[in-house]
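Peer 1: Need the 3D shape of this:
(2 chains, ligands or ions: 4)
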Protein chains: 2
Amino acid sequence: MVKKVLIIYAHQSSGSFNAAAKNAAVEVLTAQGCTVEVSDLYAMNFKATATAEDIKGDVKNAENFCYLEESRIAWEEGRLSDDITKEQTKITEADLLIFQFPMYWFGLPAVMKGWIDRVLTHGFAFSQEKRYSQGVFKDKKAMLSFTTGSLESMFSPTGINGDMNVTLWPLQNGILNYCGFQVLAPQIFWAPALTADEDRKSMLEAWRTRLQGLLEEKPLSFFSLDCFDE
Amino acid sequence: MVKKVLIIYAHQSSGSFNAAAKNAAVEVLTAQGCTVEVSDLYAMNFKATATAEDIKGDVKNAENFCYLEESRIAWEEGRLSDDITKEQTKITEADLLIFQFPMYWFGLPAVMKGWIDRVLTHGFAFSQEKRYSQGVFKDKKAMLSFTTGSLESMFSPTGINGDMNVTLWPLQNGILNYCGFQVLAPQIFWAPALTADEDRKSMLEAWRTRLQGLLEEKPLSFFSLDCFDE
Ligand SMILES: Cc1cc2nc3c(=O)[nH]c(=O)nc-3n(C[C@H](O)[C@H](O)[C@H](O)COP(=O)(O)OP(=O)(O)OC[C@H]3O[C@@H](n4cnc5c(N)ncnc54)[C@H](O)[C@@H]3O)c2cc1C
Ligand SMILES: Cc1cc2nc3c(=O)[nH]c(=O)nc-3n(C[C@H](O)[C@H](O)[C@H](O)COP(=O)(O)OP(=O)(O)OC[C@H]3O[C@@H](n4cnc5c(N)ncnc54)[C@H](O)[C@@H]3O)c2cc1C
Ligand SMILES: [Zn+2]
Ligand SMILES: [Zn+2]
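Peer 2: Ligands and ions are numbered 1, 2, ... in the order given. Next comes the predicted model:
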């Protein structure tokens, strides 16, 4: 069966290292017969901020607007704004999501955080019953692929930035695992701007090689929801 | 000496619990003689996305636009956009920053992440030499004050969300401590929407009490930069 891949991509420049990593993924996965779609957030001028404009028609409580509640109802009633609905359709169709971005302040660039905040609507992406190991997207895979400015040594368990796994916990557990995605190991491109061109090319080659077997990789382990009380 | 406080506030609604927490801070701190400024990000329609429009005049390399580099140069040359410069002036004048927000996906709402990405410019907020314990803002304090949807038990070390301290690491270490701020303990309002009105009122009372001694609190401990090699 043809696999569908959605790449959520956040870089301002088509000449960047992030663009090269994204292009490599498109090429290698397409060559393998996958259908690849790219959401190029800056190019789309993607709205980052969660506001009442995300809801078509009247909101239920304009005086005390509650985004969590209003967006859930709007999703149920098919009244989310078109840009959100389009992204949701892409997720529904995808077998694998790749988030490609430069690390900004130990996390996602705001435009990509806005995609998360606005697109992973309550009801669509999770509910009280459907979270973590029982999550909505448990038959899909997702992964982070990102560049840093820091060297790897700074993000080691004994480095000043601390263990990269800790920094990634809110993203890999709080977003991806929370929605049920099988989380593939992150692809980290350490400090491309501080790296010799030759070594950057090797990093991209290693990524191409990984991409060939990506869909068969075993995901990271998280505790099952069964291990916890309510 | 009169202390200046900057509250960076991200909620869509003036009737929300976050608004009440922000208002409490304004009241109590003003009553103590502080000068309090509020950056109400949704009301300001604050731009969240880091783009070339943040730079006035020509960029150095339009073909391969690098935000980190271009924004650093623009800061040096006084060519950052006015909305960024205004926020930077507020930080420069402040003794204490309070970030007031609802937790979105284990982190900041995108609009507040955008404030971080765009306002804490390389050069202005940090440099290769001025980071962590040698950070630019080492004479200032900063703290997170936020609401959750989850109950506290889910964010305990044995809860499915994991220890809240881990989730806050990228924010408290990666942003605040990185820029040198003395980080005050976070103020966490657990699940106000699931709480009885009476108990919500008690939460706000406890916050008011804390605010009275806030500027004298001892900050959290982080390792000094001296403990690490280059
Ligand atoms: C707001 C902000 C916050 C940040 N916070 C953090 C943080 O918390 N932690 C951290 O570590 N870093 C941080 N950074 C740094 C940021 O992560 C890096 O600047 C970014 O990851 C570099 O990736 P890039 O794609 O922009 O690289 P580029 O600058 O585009 O590329 C690096 C080099 O690769 C070259 N290149 C492009 N394509 C190819 C190719 N096909 N083959 C070989 N070479 C190629 C480019 O020409 C360039 O020389 C932050 C930056 C900003 C702006
Ligand atoms: C995109 C998104 C992502 C999210 N991700 C997470 C997550 O990762 N983790 C998590 O735990 N939660 C998450 N949530 C939930 C979110 O954190 C909560 O909805 C939010 O923190 C509640 O705060 P609020 O100010 O909106 O509360 P409100 O809904 O405004 O208020 C709660 C109650 O307090 C009442 N109230 C207001 N003022 C007062 C007052 N002065 N005195 C007494 N009562 C008052 C209100 O009337 C209301 O009944 C997410 C929500 C969204 C939209
Ligand atoms: Zn709410
Ligand atoms: Zn760059």
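Peer 1: burial measure for the residue nearest to residue A:71 when sequence neighbours are not counted, as a count.
Peer 2: With sequence-adjacent residues excluded and distances taken as C-beta to C-beta, 6 or more residues apart in numbering or on different chains, residue A:71 is closest to residue A:121, at 5.0 Å. (Each C-beta comes from the backbone N, C-alpha and C, glycine too.) Neighbourhood size, residue A:121 [other C-beta atoms under 10 Å in any protein chain shown]: 22.
Peer 1: Tell me if the longest helix along chain A is near ligand 1.
Peer 2: Ranked by number of residues, the top helix in chain A under DSSP state H is helix A:197-213. Yes - judged by C-beta under 6 Å from any ligand atom, helix A:197-213 comes into contact with ligand 1 at A:197, A:200-201, A:204.
Peer 1: Quick check: the nearest residue to residue A:49 once chain neighbours are set aside vs residue A:140, distance?
Peer 2: The spatially closest residue to residue A:49, leaving aside those adjacent along the chain, is residue B:111, at 4.5 Å (C-beta to C-beta, 6+ apart). Distance of residue B:111 to residue A:140, given as C-beta to C-beta, to the nearest Å: 28 Å.
Peer 1: of those two, who's got more company?
Peer 2: Neighbour count, other C-beta under 10 Å: between residue B:111 and residue A:140, residue B:111 has more, with 28 against 20.
Peer 1: Could you verify my assumption that that one touches residue B:48?
Peer 2: Yes - under the criterion of C-beta atoms under 8 Å, residue B:111 makes contact with residue B:48 at 5.0 Å.
Peer 1: got any residues that touch both of those two?
Peer 2: Counting by C-beta atoms under 8 Å, 6 or more residues apart in numbering or on different chains, the common neighbours of residue B:111 and residue B:48 are A:48-49, A:110, A:114.
Peer 1: can you map out the strands along chain A?
Peer 2: For chain A, the strands defined by DSSP state E cover A:4-9, A:35-40, A:96-102, A:141-147, A:182-183, A:187-189.
Peer 1: near ligand 2, which residues of chain A?
Peer 2: A:50, A:64, A:66-68, A:117, A:174.
Peer 1: Which pair in those residues has the greatest spatial separation?
Peer 2: A:64 and A:174 (26.1 Å; C-beta to C-beta).
Peer 1: what separates residue A:177 from residue A:225, distance-wise?
Peer 2: For residue A:177 relative to residue A:225 (C-beta to C-beta), the value is 10 Å.
Peer 1: Same check on residue A:12?
Peer 2: 39 Å.
Peer 1: Could you check which of these two is surrounded by more residues?
Peer 2: The neighbour count for residue A:12 versus residue A:225, taken as other C-beta under 10 Å, is higher for residue A:12 (23 against 14).
Peer 1: my guess is the more buried one meets residue B:63, correct?
Peer 2: No - between residue A:12 and residue B:63 there is no contact under C-beta under 8 Å: 11.5 Å.
Peer 1: Tell me who's in contact with the residue nearest the centre of chain A.
Peer 2: For chain A, the residue sitting closest to the mean C-alpha position, by C-alpha atoms, centre = their mean, is residue A:99 at 3.9 Å. Residues counted as contacts of residue A:99 (C-beta under 8 Å, 6+ apart) are A:7-8, A:108, A:112, A:142-146.
Peer 1: Take these and write them to TSV, including distance to residue A:125 and pLDDT.
Peer 2: As requested, the contacts of residue A:99 are exported to TSV (distance: C-beta to C-beta, whole Å; pLDDT from 0 to 100):
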residue	distance to residue A:125	pLDDT
A:7	18	98
A:8	14	99
A:108	16	98
A:112	15	99
A:142	11	98
A:143	17	98
A:144	17	98
A:145	20	98
A:146	21	98
